[in-house]
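[1] Show me how the following folds:
(one chain, ligands or ions: 1)
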Amino acid sequence: MKKNIHVVGAVITDNNKILCAQRGPSKSLPYKWEFPGGKIEQGETPGDALQREIEEEMHCQIEVGEQVEHTVYEYDFGIVHLSTYFCHLLDGIPVRTEHNKLKWIVPNDLQTLDWAPADLPAIEKIRKIISPT
Ligand SMILES: Nc1nc2c([nH]c(=O)n2[C@H]2C[C@H](O)[C@@H](COP(=O)(O)OP(=O)(O)OP(=O)(O)O)O2)c(=O)[nH]1
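    Numbers count the residues shown, from 1 in each chain. Sure, this is the predicted structure:
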């Protein structure tokens, strides 16, 4: 049976742009774009996990707001349960340490990136919430 992987992703907004991160070549889903974040550890709330992951991988602090979307997607390596949350920066600016690239993108251009499949429902929802026309 495939393993269930519980993951949180931060939709960090600043100046009407959203922070997008490209996975590295040696990861699962190489070169796919994602929201920074990672696996929820035992005993953590989704918000705790997001704050920890963003501190670890981007060296900055965020406030976690409303949930954007929850998606369950079956990959060959496991079943990802992805919860995304709107976040904003409290302190520091995101530093690239693990990702191949970081980009700030306006909501209308989000669909131009090659996203991890689990992220597509969140991308559609963000577009509708931020640019409803
Ligand atoms: N952080 C994050 N992970 C995502 C997103 N969409 C998506 O399918 N994933 C997948 C990729 C990974 O398989 C898993 C998150 O794992 P992780 O971020 O803690 O671990 P990792 O990059 O080291 O991944 P892995 O090599 O262990 O698979 O969820 C997303 O938007 N953000």
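[2] Not counting sequence-adjacent ones, nearest residue to the residue nearest the centre of the chain?
    For the chain, the residue nearest the mean C-alpha position is Phe35 (1.9 Å; CA atoms, centre = their mean). The shortest distance from Phe35 to any non-neighbouring residue, by CB to CB, 6 or more residues apart in numbering, is to Gly9 (3.2 Å). In short, each C-beta sits where N, CA and C put it, glycine included.
[3] pLDDT weak spots in this protein?
    Confidence mapping of the chain against pLDDT under 70 gives the ranges 132-133.
[4] Show me what Cys20 is bridged to.
    When bridges are called by DSSP bridges, Cys20 pairs up with Lys103.
[5] My error: substitute Tyr85 in the last question.
    Per DSSP bridges, the residues bridged to Tyr85 are Ala10, Gln67.
[6] Wasn't Glu56 part of a helix?
    Yes: assigned with DSSP: H, G, I helix; E, B strand; the rest coil, Glu56 falls within a helix.
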